[in-house]
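Participant: Need a 3D model of the sequence below.
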Amino acid sequence: MTHVEIEERIEASAEAVWDCLLGSRSAELAVGIYAESVEIDGEGVGSIRTSQLLGGAGTIRERIDQLDEAGFLCRYSVVDRGPLPFADYRGQIKLIPEGADACVVKLEADFTPAGMSEQDSVDLYLSNNHGAIAKIREFLGLPVVERSGMG
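Facilitator: Presented below is the predicted three-dimensional model:
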């Protein structure tokens, strides 16, 4: 099993970032990064997010397994991975408030690479999730951090 983490500070309140990740803007967050469209069925624990992948590559479905909105914590799992090269995927989103106008976004995942090397699967995870963090910054009108490489 592979474990990967990202930690990045965003100069915005945890509430504003949480809204992008799991609130009013969550369905559009993945669009253009890895998904053509996203639909969310239900609310809270047990809700299912279905993503139509870019280029008609297929569909993936994720389920929220644990949600603590007050503590800015969400644990989720991929219940139908479609063509996704991650088997047994379990993820976590955690925001750590740093005052009223900043927070640290901590993203973690455990998975088994499927159909690609471990390094390629880690690189794909990092690319998708750094893209999501950049899109959060864009949503909030913040400068996007340029990346020279993965990690």
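Participant: sec struct for Leu84, please.
Facilitator: Assigned by DSSP: H, G, I helix; E, B strand; the rest coil, the conformation of Leu84 is coil.
Participant: For this structure, which helix or strand comes out least confident on mean pLDDT?
Facilitator: Across the helices and strands of the chain, the lowest-confidence element by mean pLDDT, DSSP states H and E is helix 26-29, at a mean of 86.
Participant: Check the offset of that helix from the chain's centre.
Facilitator: 10 Å (Cα atoms, centre = their mean, to the nearest Å).
Participant: Remind me what that helix packs against, helices and strands.
Facilitator: helix 14-22, strand 35-41, helix 118-139 (3 or more Cβ pairs under 8 Å, 6 or more residues apart in numbering; DSSP states H and E). The way it works is simple: take the backbone N, C-alpha and C, and place the C-beta from them, glycine included.
Participant: mind redoing it with 10 Å?
Facilitator: When contacts are defined as 3 or more Cβ pairs under 10 Å, 6 or more residues apart in numbering; DSSP states H and E, helix 26-29 sits against helix 14-22, strand 35-41, strand 48-53, helix 118-139.
Participant: Just the buried positions in that helix, please.
Facilitator: For helix 26-29, burial by neighbour count (16 or more other Cβ atoms under 10 Å) applies to Leu29.
Participant: now stretch 51-71
Facilitator: Ser51, Gln52, Leu53, Thr59, Ile60, Arg61, Glu62, Arg63, Ile64, Leu67.
Participant: Excluding covalently adjacent residues, which one is nearest to the first one?
Facilitator: To tie it back to what came earlier, the one meant is Ser51. Ala35 (4.1 Å; Cβ to Cβ, 6 or more residues apart in numbering).
Participant: Wait, that neighbour touches Leu54, no?
Facilitator: Yes: between Ala35 and Leu54 there is a contact under Cβ atoms under 10 Å: 6.5 Å.
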